[in-house]
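Student: can't give you the sequence, but here's the structure:
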C-alpha cells in the first residue's frame, strides 16, 4: 500500500526525481548574501533589515523516513517561526522562504530544525529582495472562475481592488448529483453558475459589486484565440461570448463584439485598465504557468499593458499550475496548510522576473479565503457528493473512492494548496514589461507549436 501511495505521489509531483532547483537570481534585482549554516542555524545579517522577501538556498537531503512522508524545515528567530514542507525524497538545493522573519531577525541567530531532513554545515546563500509597498488600485485578472481567489485573495482583500475573470469556465468535471447534465443545456447552466460565482466571491474580500466582472470568453480557447483562430464553446454550443457576459451586474463591463477574438480580448483588458488605473496588476505568469489558458491570459495582459503605455507600477505574476507537475498536475506546495509557499521546481538560466514577492496572509484572511473559495462548488471538499446516493451501488462506489483517495492519492485540492500563510508573486515593472514580454513570446511560440 505504501509503495502504491509513493508511486502515485510522484506521478502528481513530477514524472522524474528532481535534483537541485536552479533559479537565475544572480541576474535579477535580488541581493545574494553568503552565510555560514551550521547543523542548527545561522546568523541573520544586519544588512537585511529592509528586505521584505528572503529565501535561504540550502542543499538538503530527505532521510529514509522522508522518502515516505513530507520532510520539513522549521526556522525560528525569537518568537517568530516558519515551517516549509518539501516533497518526498527531496535532495539538492531548495529555496526556503524565510520572508516572515525579514525585518525582525537582523543580527539575530536563526535556528533551523529538520523534520526527516538533514544538511551538512555549508556556506549558503540568502537571496533577498526589496519590493515597493502595495499602494494604489489593484487589478486582479484571472483566467477562470476561482483563480483570482486561489492566487491572490489575501493580496486583494480589503484594498482598492478590481477582479476580472476572463472565461466563463463552462468546462467542468463534476455533475453535482446530476444537476449539470452532460449535454448543451447542462454545460450552459454550469457556465452561468460559474460566472455567478466569479462575480460573487470577491465580495468576501470587500470588492465593490461593480468592480467584479466576468468577460465570458470560452473555457479552453485562449491559445486558439492567440493563434488568430475562430473559436466556439463546443460543450455549450455557443459562438458568441455575449451569452455569458450579459450575466454581469456591473455597468462597467466592456461592450463586446459578437464573436471572441484575440484583439477583442486585449481591447477588453485595455478598457478595464483604463477604468481601474491600477498601480498593481495581478495576472498569470506566461512562462511559469503550465495551463494554456493561464499562459495566454498572461500574454494578453502584457499586450494590454504595452497598449496602455503604463510606466508607473508593476505586474505581480502568479502561478496556479506550476512547472514540475508530471502527467497529473502539480501538488506544489506540498504538506499541510501551516507550511509557507516557496518556489516550485525549476531549472533555467533565463530571467523570468525582476524580484519575487512573498505576501503575508494573516490567520483572519486565511479564514476569509476559505469562505471565498467555498463560493466555488467545484473546490468544496466532497462537492461531487453534495446529494445522497441514489442507490446502494453508488454509496459503495463513493465509500471505495474515499478510501482510495485517502490512502493512495495525495490531496491536490486548492483548499490545501492555496490557503497558506503567504501568497507568492513574480514581479515585473510596467516600464520593463515590453522587454520581458519579448522574452516570453519565445516560450509562447514553443508551447503553441507543441500543442
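Tutor: Sure, I can see it. Model, not experiment: these values are computed from the prediction.
Student: use CA for all of it now, contacts and neighbours both
Tutor: OK.
Student: so where's the stretch 151-300 of the chain uncertain?
Tutor: The model of the stretch 151-300 of the chain has pLDDT under 70 over residues 173-178.
Student: how about the strands in it?
Tutor: For the stretch 151-300 of the chain, the strands defined by DSSP state E, counting those that start in this stretch cover 161-167, 212-217, 280-284.
Student: nearest to residue 206, out of those?
Tutor: Closest of the strands of the stretch 151-300 of the chain to residue 206 is strand 161-167, at 8.6 Å (criterion: CA to CA).
Student: so that closest one versus strand 280-284, what angle?
Tutor: Relative orientation of strand 161-167 versus strand 280-284 (axes from the mean of the first three to the mean of the last three CA atoms, to 10 degrees): 30 degrees.
Student: sorry, back to before: for residue 149, which of the strands of the stretch 151-300 of the chain is the nearest?
Tutor: With CA to CA as the criterion, residue 149 lies closest to strand 161-167 of these, at 9.4 Å.
Student: for the closest one, packing partners?
Tutor: strand 138-142, strand 212-217 (3 or more CA pairs under 8 Å, 6 or more residues apart in numbering; DSSP states H and E).
Student: which of these sits most buried?
Tutor: Of all the helices and strands packed on strand 161-167, strand 212-217 has the most neighbours on average by mean count of other CA atoms under 10 Å, namely a mean of 28.
Student: give me the sheet partners of that strand and which way each runs.
Tutor: strand 161-167 (parallel) (DSSP bridges).
Student: got a list of contacts for the partner strand?
Tutor: 137-145, 148, 198, 202, 207-208, 211-219, 276, 297 (CA atoms under 8 Å, 6 or more residues apart in numbering).
Student: before we move on, what about stretch 192-205?
Tutor: Against stretch 192-205 from outside (CA under 8 Å, 6+ apart): 145-146, 149, 153, 156-158, 163, 165, 168-170, 209, 212-214, 216, 244, 247-248, 368-369, 371-373, 375-376.
Student: swap in stretch 39-52?
Tutor: Against stretch 39-52 from outside (CA under 8 Å, 6+ apart): 35-36, 99, 102-113, 119-121, 128-131, 357-358.
Student: export the helices and strands packed on strand 161-167 to JSON lines and append columns for distance to residue 430.
Tutor: Output for the helices and strands packed on strand 161-167, formatted as JSON lines (distance: least, CA to CA, whole Å):
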{"stretch": "strand 138-142", "distance to residue 430": "13"}
{"stretch": "strand 212-217", "distance to residue 430": "23"}
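Student: go through these and name the closest to residue 399.
Tutor: strand 138-142 (34.9 Å).
Student: partners of that closest one, with directions?
Tutor: Partners of strand 138-142 in its sheet, by DSSP bridges: strand 161-167 (parallel), strand 280-284 (parallel).
Student: out of those, deepest packed?
Tutor: Highest mean neighbour count among these (mean count of other CA under 10 Å): strand 280-284, with a mean of 27.
Student: chain center to that strand, what's the gap?
Tutor: Mean-position distance between strand 280-284 and its chain equals 11 Å (CA atoms, centre = their mean, to the nearest Å).
Student: just the residues contacting it, thanks.
Tutor: Residues external to strand 280-284 that are found in contact with it (CA under 8 Å, 6+ apart): 134, 136-143, 152, 294-295, 297-298, 301, 313-320.
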